[in-house]
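**Student:** All I have is the shape, not the residue letters:
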């Protein structure tokens, strides 16, 4: 929200200090931001999806390989765009729909943004991989720092330095530079490392294919922005241009709750998909959809009510009712379309690329462009503001009809929309799931229940006892680390028995703690006898800390 608050502030500063002409120029120039998203999305989105898949498999070297590839790619891309922006910024400004009157302002904004694009790309990589490491507070701090610096410099460079729209672009670039410096210090304290080893071509292909749908969506937004910019300018109604400027400025800020829920949902989806966890995959999608809808609705309803005050803050006098309608219809669109964003990313992460591609073609571009002239002819120029609402409704209906056709029944359940039976086919497996808080006595009881579960499923009494002992020792060890009682911690336990292997996976939300490495560093030979026993009894052991969770897996 802090990042997307920047366009809102930029638009207000342009409208208040530079006038409506500068605000109109900012609408055209802001198309460069869609272009940057377009250039970065297919690697960034695919890279995050692939990195979380590696995390789910416990492959930290694979995750570091993806991180290194993303950083290298974006440094090269930033240099290329900097050169392109330095020599072709005027051509880009005209392509975006700039008129001769607005060309100098649009050109300067586009040129500086292209030159500083490398810092935008690096920030995106650092921020997303820091989130994967559970550094949510540090990420929030970096974003707030960037936004605060940007806001202060906006006013200084526009008013005191008199740089106009160029000052807004310079302030944004400087904000990213400072944010990157802080994020580098954060990443250095994690186990994410840059490696010069190249990842395989098949890995790169997977990254590109998983990021392609979102890239197509960004391309659709980019093309739509150019079409609609020229369309609105051709109407010759100044209030329509202003309304679109305010709508574009609020877009990112209002979309932030949905974007946040969608991003975290997709990251967790990648991890659970890598683990092959059907139940957790369904749960995280359910939570993501609910959270996205509720948070988006709260903000959208608030902005819907405050629309008249927002328009007055932009110093709009003539055509204020048009601008208010632009804001309010967009608020309704966001509530309707919250689930579309989440499902679009979900389908991409789990490899249902065609479904994700379809969503990212019809929702941002095909339906809006096809609906533009019919709605304007039917309702008048105000029909332009209803385009997004109708497009989102049609997209939801299209998804539902496709799912119904695939399953040959109307999809009343989330499982059908998720295609769980296709992405994770059911295997002959018996599962024991339970969650406990930081109560050592419950750990003992759970281990006894686990032993009974094992024996009921054909495991020998001795082996069942060994498994139960491992469960009790691991729970007790983790709980002893959080024995201060400052807050309640939870441990999720899952024991799976299949014909091939027995897997025990434990997740807890305590502080980062690897009991196996801690024991090795302890010189006392008596310390950690229980953990040493677990190492002897289990065939394989894996530990990693992701998303603020300790994740331990044992296999027999």
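**Tutor:** Nice, I can see it. For clarity, every value in this text was computed on a predicted model and none was experimentally measured.
**Student:** so the residue nearest to residue 478 when sequence neighbours are not counted bridges to which residues?
**Tutor:** Using C-beta to C-beta, 6 or more residues apart in numbering and skipping the chain neighbours, the partner closest in space to residue 478 is residue 508 (5.5 Å). (C-beta placed from N, C-alpha, C; glycine too.) Residue 508 has these beta-bridge partners by DSSP bridges: residue 491, residue 550.
**Student:** What are the boundaries of the strands in this structure?
**Tutor:** For the chain, the strands defined by DSSP state E cover 430-437, 490-497, 502-508, 540-546, 549-555.
**Student:** between the ones you listed, which one is nearest to residue 166?
**Tutor:** When the strands of the chain are compared by C-beta to C-beta, strand 540-546 sits nearest residue 166, at 41.5 Å.
**Student:** Flag every buried residue along the lengthiest helix in the chain.
**Tutor:** Longest among the helix segments of the chain by residue count, using DSSP state H, is helix 238-275. Neighbour-count burial for helix 238-275 flags 239-259, 261-275 (criterion: 16 or more other C-beta atoms under 10 Å).
**Student:** Domain-wise, how is the protein divided?
**Tutor:** Domain assignment for the chain by automatic domain parsing gives 1-235, 236-426, 430-555.
**Student:** Break down the stretch 101-250 of the chain into its helices, ranges please.
**Tutor:** For the stretch 101-250 of the chain, the helices defined by DSSP state H, counting those that start in this stretch cover 103-115, 117-132, 136-155, 165-188, 201-235, 238-275.
**Student:** Can you verify my assumption that residue 516 contacts residue 544?
**Tutor:** No. With contacts counted by C-beta atoms under 8 Å, residue 516 stays clear of residue 544, the gap being 11.5 Å.
**Student:** Neighbour count for these two, which is higher?
**Tutor:** residue 544 (20 against 16; other C-beta atoms under 10 Å).
**Student:** quick one: that one from residue 18, how far?
**Tutor:** From residue 544 across to residue 18, the span is 51 Å (C-beta to C-beta, to the nearest Å).
**Student:** can you put the helices of the stretch 101-250 of the chain in JSON lines and add mean pLDDT?
**Tutor:** What follows is those, written out as JSON lines (pLDDT from 0 to 100):
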{"stretch": "helix 103-115", "mean pLDDT": "88"}
{"stretch": "helix 117-132", "mean pLDDT": "90"}
{"stretch": "helix 136-155", "mean pLDDT": "86"}
{"stretch": "helix 165-188", "mean pLDDT": "90"}
{"stretch": "helix 201-235", "mean pLDDT": "84"}
{"stretch": "helix 238-275", "mean pLDDT": "79"}
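**Student:** Residue 347 is nearest to which of those?
**Tutor:** Closest approach to residue 347 among the helices of the stretch 101-250 of the chain is made by helix 201-235 (7.3 Å; C-beta to C-beta).
**Student:** Run through the residues that contact residue 16.
**Tutor:** Neighbouring residues of residue 16 by C-beta atoms under 8 Å, 6 or more residues apart in numbering: 314, 315.
**Student:** again, 7 Å this time
**Tutor:** residue 315 (C-beta atoms under 7 Å, 6 or more residues apart in numbering).
**Student:** any idea how far residue 547 lies from residue 311?
**Tutor:** The gap separating residue 547 from residue 311 is 40 Å, by C-beta to C-beta.
**Student:** Of those two, which one has the most company?
**Tutor:** A count of neighbours by other C-beta under 10 Å puts residue 311 above the other of residue 547 and residue 311, at 24 against 18.
**Student:** Now for residue 178, how many residues are close by?
**Tutor:** Residues near residue 178, counting by other C-beta under 10 Å: 16.
**Student:** Not including adjacent chain positions, what is the nearest residue to it?
**Tutor:** residue 149 (5.6 Å).
**Student:** just residue 221 next, same as before
**Tutor:** Nearest residue to residue 221, sequence neighbours excluded (C-beta to C-beta, 6+ apart): residue 364, at 4.8 Å.
**Student:** Now for the one you found: which residues touch it?
**Tutor:** Here residue 364 is in contact with 217, 220, 221, 224 (C-beta under 7 Å, 6+ apart).
**Student:** Looking at those residues, which is nearest residue 301?
**Tutor:** Nearest to residue 301 among those, counting by C-beta to C-beta, is residue 221 at 24.4 Å.
**Student:** ok, the closest one to residue 74 distance?
**Tutor:** Separation of residue 221 from residue 74 (C-beta to C-beta) stands at 20 Å.
**Student:** Likewise for residue 457?
**Tutor:** Per C-beta to C-beta, residue 457 is found 49 Å from residue 74.
**Student:** the more surrounded of these two?
**Tutor:** For residue 457 versus residue 74, the count of surrounding residues by other C-beta under 10 Å is larger for residue 74: 23 against 16.
**Student:** ok, back up a step: out of the domains of the chain, name the one with the poorest average pLDDT.
**Tutor:** Of all these, the minimum mean pLDDT falls on domain 430-555 (a mean of 79).
**Student:** Distance from it to the middle of the chain?
**Tutor:** 31 Å (C-alpha atoms, centre = their mean, to the nearest Å).
**Student:** and that domain, how far apart are its ends?
**Tutor:** Terminal residues of domain 430-555 are spaced 15 Å apart (C-alpha to C-alpha, to the nearest Å).
**Student:** just stretch 529-549 next, same as before
**Tutor:** Stretch 529-549: ends 24 Å apart by C-alpha to C-alpha.
**Student:** quick one: contacts for residue 548?
**Tutor:** Neighbouring residues of residue 548 by C-beta under 7 Å, 6+ apart: 134, 509.
**Student:** Tell me the spacing between it and residue 135.
**Tutor:** According to C-beta to C-beta, residue 548 stands 9 Å off from residue 135.
**Student:** before we move on, what about residue 304?
**Tutor:** Computed as C-beta to C-beta, the residue 304 to residue 135 distance reads 34 Å.
**Student:** now swap in residue 446 and tell me
**Tutor:** As judged by C-beta to C-beta, residue 446 and residue 135 stand 31 Å apart.
**Student:** And residue 394, by the same measure?
**Tutor:** Residue 394 is 40 Å from residue 135, where distance means C-beta to C-beta.
**Student:** and residue 134, backbone torsions?
**Tutor:** The phi and psi values for residue 134, taken as degrees, to the nearest 10, are phi 80, psi 20.
**Student:** For it, give me its contacts.
**Tutor:** 545, 546, 547, 548.
**Student:** Not counting residues beside it along the chain, what's closest to the third one?
**Tutor:** If I follow you right, that is residue 547. Nearest residue to residue 547, sequence neighbours excluded (C-beta to C-beta, 6+ apart): residue 134, at 5.7 Å.
**Student:** and the gap between the one you found and residue 436?
**Tutor:** Note on residue 134: its distance to residue 436, by C-beta to C-beta, is 22 Å.
**Student:** was I right about residue 474 contacting residue 552?
**Tutor:** Yes. The pair residue 474 / residue 552 is scored as a contact, 6.3 Å apart, by C-beta atoms under 7 Å.
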